[in-house]
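A.B. asks: Sharing a model prediction with you, sequence too.
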Amino acid sequence: LFLLFFSLVVKGQTGSRLKMKIGSLKGQYVELWSYYGDEELFVDSVRFGENGLANYHRKTMLKGGLYKIVFPNTNSFELIITEPKVFLETDLVTPNKSMVIKKSEENRYYYAFKKFISSKREEMNKLIKDHKDRVITHEEFNRASKIVNEAIDNYKLNLIEKTQGMLVSDLLRAGMNPSI
């Protein structure tokens, strides 16, 4: 009897589950896409209930990789799927900025990185504007932008080391400039 119970529990843990809460998508569908090289491949559609919740379940595990969720308004966000369960909340208008990962270690790291990069992009935009408006000199701009770029590189390197063996580490490593 114990062996039967154990095999049912183990069997019940297979497959992929994607649980999403996006309140403004009541009764609508989103599309799940995967990346294959430079191509995007349609995987499935996911229906949201009237409560703004979607509970996508697939009996077989989705192939580990980077996926994209596309909304009816064509906004989208990416997810790393390597774990059997991914739970998240976001909104329709600013899905990346509003992303809250409830369950998925890979995506917590991935979205922490995306938010860090977004903050550094804002810093760079301000530097560019200040340089264009002659608020700062060319030398000050070069010095400040070098500091921003070094902060990004250091963050990436620390995250790559912290997430060794995870897909997020491989994705970040693939985006690194070679050092010569």
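C.D. replies: Happy to help now that I have it.

A.B. asks: can you give me the helices in the protein?
C.D. replies: 2-12, 105-132, 138-162, 167-174 (DSSP state H).

A.B. asks: now the ones you listed as CSV including distance to residue 20, mean neighbour count and mean pLDDT?
C.D. replies: For the C-beta atoms, the positions are set from N, CA and C on the backbone; glycine is no exception. As requested, those are arranged in CSV below (distance: least, C-beta to C-beta, whole Å; neighbours: other C-beta atoms under 10 Å; pLDDT from 0 to 100):
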stretch, distance to residue 20, mean neighbour count, mean pLDDT
helix 2-12, 21, 9, 37
helix 105-132, 12, 15, 96
helix 138-162, 24, 13, 96
helix 167-174, 19, 16, 94
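
A.B. asks: Ok, which of the ones you listed comes nearest residue 64?
C.D. replies: helix 167-174 (6.1 Å; C-beta to C-beta).

A.B. asks: Show me what that closest one is packed against.
C.D. replies: Counting contacts by 3 or more C-beta pairs under 8 Å, 6 or more residues apart in numbering; DSSP states H and E, helix 167-174 packs against strand 65-70, strand 76-81, helix 105-132, helix 138-162.

A.B. asks: picking up where we left off before, dump the helices of the chain into CSV; add distance to residue 81 as well.
C.D. replies: Shown next, in CSV, are the helices of the chain (distance: least, C-beta to C-beta, whole Å):
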stretch, distance to residue 81
helix 2-12, 19
helix 105-132, 8
helix 138-162, 19
helix 167-174, 9
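
A.B. asks: nearest spatial neighbour of residue 138, skipping sequence neighbours?
C.D. replies: Spatial nearest neighbour of residue 138, chain neighbours left out: residue 131 (7.1 Å); criterion: C-beta to C-beta, 6 or more residues apart in numbering.

A.B. asks: Against residue 45, how distant is that neighbour?
C.D. replies: 46 Å (C-beta to C-beta, to the nearest Å).

A.B. asks: what's the answer for residue 79, then?
C.D. replies: 15 Å.
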